[in-house]
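*Asks:* Quick check, what structure comes out for this input:
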Amino acid sequence: MKSPVQEPSSGAAEPFVWPLGIDRSLGVPVNTQLRGQLEYGIACGDIPRGARLPSVRELSQELGVAHMTVAGVYKELLGLGLIMTSRGRGTFVAAAPQPPPGPDLTRLTRLLSDTLARAEGEGYSLRQIGEAMNALIARGAQPQQTGVSVLLVGLFADATRSYAANVQAALPAGDRVQAVTLDDLRSGRSHTDAQNADVVLALAHRLNETRALLPGREIIPVGFIPSQRTRAALAALDPMIRLTIVTTFEEFLPTFLSGVKRFAPHVLSIQATHLHAKDLQSVLDACDVATYATGSERVRTLIPNKPALEYRHVVDPRDIGGLVLPAVEAQRTSRKTPSHKPKKELS
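*Replies:* Numbers count the residues shown, from 1 in each chain. Predicted coordinates for the structure are as follows:
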């Protein structure tokens, strides 16, 4: 089934379509399937930012599901910050953030306030601090130039390191990309790293979770797409094999199945399940090859003598070029051309 989606400002422009459907044979609740497909489609760019989504009535009629089911899913996606509503116009995928125009003055104020408090704590008077600061400014003193520090917040440690390597490869020498997970932030292990980073990136569908853990920080959401290695491995599969696919989260099962079929349309025998299914082992025992989602690495231990390949993603190069690089360069420029002079001297 195809669900029409139109650009919000396209007017009479031809609508484009993206595949969306409910597979009741998967044993995954309808609302979970729908939410997973929309969430993944937005994160991967299959449903472009700014695109208009079908109305609740349109989508419920097309998919043959209850009006309340679609409304509930849209409400969840609103809560995740993935979509937005406009009175009288409809529901849209949240637009991409604009690259930051310059340095974060709020952060600068916080840094200077911390420095001032530390200096006073060590016994320096405001006059002495002011004189020292004025002397530094008069000499045009600059901190030692270092590369831009980028922090990428992901879900799984190994995959996040891989995503960080994708971004690192696009940056000039000297810039540094550090990978941390949401669990690292929740535990407080990487809080300092996050506060010291010049640019913070988050997975698009985990943006609100990241924001909640890093209040006050500007965070750039990035999407991801299946890697070339994943696509090539699926295309190379023997058409006669029995393939089992395993997702980490059941809501992504329909989308995962659709993705595998897209890159391996020649493989006819495919069974789909998720990591927490009760029949996982028996489904794996019946296959020749397994493909598993990131986070389901346990599949390898369940079938040690069978080939198993991970459905790995990479950060969407369009987001690296359109969002990450401009943000990094804005940080670099702000260091080279300081334009913020103190309005008054400390005394």
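*Asks:* so who does Thr91 touch?
*Replies:* With contacts defined as CB atoms under 8 Å, 6 or more residues apart in numbering, Thr91 is in contact with Arg52, Leu53, Ser55, Tyr74, Ile83, Met84, Thr85. Yep, even glycine has a C-beta here, placed from its N, CA and C like the rest.
*Asks:* 6 Å instead?
*Replies:* Leu53, Ile83, Thr85 (CB atoms under 6 Å, 6 or more residues apart in numbering).
*Asks:* what about Gly21, distance to Phe256?
*Replies:* Counting by CB to CB, to the nearest Å, the gap from Gly21 to Phe256 is 13 Å.
*Asks:* what about these two, which has more around it?
*Replies:* The neighbour count for Gly21 versus Phe256, taken as other CB atoms under 10 Å, is higher for Phe256 (24 against 15).
*Asks:* tally of neighbours for the residue lying closest to Thr69 once chain neighbours are set aside?
*Replies:* Nearest non-adjacent residue to Thr69, counting by CB to CB, 6 or more residues apart in numbering: Asn31, 5.0 Å away. Residues contacting Asn31 under the criterion other CB under 10 Å number 19.
*Asks:* Thr333 now?
*Replies:* 12.
*Asks:* and it, that one's in a strand?
*Replies:* No. Applying DSSP: H, G, I helix; E, B strand; the rest coil, one finds Thr333 to be helix, outside a strand.
*Asks:* so who does it touch?
*Replies:* Per CB under 6 Å, 6+ apart, neighbours of Thr333: none.
*Asks:* Run through the helices of the stretch 1-150 of the chain in chain order.
*Replies:* Using DSSP state H, counting those that start in this stretch, the helices found in the stretch 1-150 of the chain span residues 30-43, 56-63, 67-79, 105-121, 126-138.
*Asks:* most packed of those?
*Replies:* When you average the neighbours per residue for each of these (mean count of other CB atoms under 10 Å), helix 30-43 leads with a mean of 23.
*Asks:* what's the angle between it and helix 67-79?
*Replies:* Interaxial angle of helix 30-43 relative to helix 67-79 (axes from the mean of the first three to the mean of the last three CA atoms, to 10 degrees): 40 degrees.
*Asks:* quick check: angle from helix 30-43 to helix 56-63?
*Replies:* 110 degrees.
*Asks:* Not counting helix 30-43 itself, show me its contacts.
*Replies:* 20, 22, 47, 65, 69, 72-73, 76, 82, 93, 204-205, 223, 251-252, 254-255.
*Asks:* Just the buried subset of those residues, please.
*Replies:* 20, 22, 47, 65, 69, 73, 76, 82, 93, 204-205, 223, 251-252, 254-255 (16 or more other CB atoms under 10 Å).
*Asks:* Tell me how far the residue lying closest to Asn208 once chain neighbours are set aside lies from Val93.
*Replies:* Nearest non-adjacent residue to Asn208, counting by CB to CB, 6+ apart: Gly81, 4.7 Å away. Gly81 sits at a distance of 11 Å from Val93 (criterion: CB to CB).
*Asks:* quick revisit: what's the closest of the buried ones among the contacts of helix 30-43 to Ala165?
*Replies:* Gly223 (16.9 Å; CB to CB).
*Asks:* I'd like the distance between the residue nearest to the closest one when sequence neighbours are not counted and Val65.
*Replies:* Once flanking residues are discounted, Gly223 sits nearest to Asp316: 4.2 Å by CB to CB, 6+ apart. Using CB to CB, Asp316 is found at 29 Å from Val65.
*Asks:* try Val200
*Replies:* 37 Å.
*Asks:* do the same with Leu53
*Replies:* Distance from Leu53 to Val65, by CB to CB: 15 Å.
*Asks:* With Leu253 instead?
*Replies:* Counting by CB to CB, the gap from Leu253 to Val65 is 16 Å.
*Asks:* From the buried ones among the contacts of helix 30-43, which land in strands?
*Replies:* Residues of those located in strands (DSSP state E): Val93.
*Asks:* tell me which of the buried ones among the contacts of helix 30-43 is nearest to Lys306?
*Replies:* Phe252 (22.6 Å).
*Asks:* ok, for the closest one, nearest residue in space, not its chain neighbours?
*Replies:* Nearest one to Phe252, counting by CB to CB, 6+ apart, is Gly36 at 4.6 Å.
*Asks:* same thing with His276?
*Replies:* Glu250 (7.3 Å).
*Asks:* where do the strands sit along the stretch 151-300 of the chain?
*Replies:* 176-181, 199-203, 219-222, 224-226, 242-247, 269-274, 289-293 (DSSP state E, counting those that start in this stretch).
*Asks:* Of all those, which one comes closest to Asn134?
*Replies:* Nearest of the strands of the stretch 151-300 of the chain (CB to CB): strand 199-203, 30.5 Å.
*Asks:* Can you list the strands that that closest one pairs with?
*Replies:* Each strand paired with strand 199-203, and its direction, by DSSP bridges: strand 149-154 (parallel), strand 219-222 (parallel).
*Asks:* quick one: contacts of that strand?
*Replies:* Against strand 199-203 from outside (CB under 6 Å, 6+ apart): Val150, Leu151, Leu152, Val153, Thr210, Arg217, Ile219, Ile220, Pro221, Val222, Ala327, Val328.
*Asks:* Most widely separated two among those residues?
*Replies:* Thr210 and Val328 (18.2 Å).
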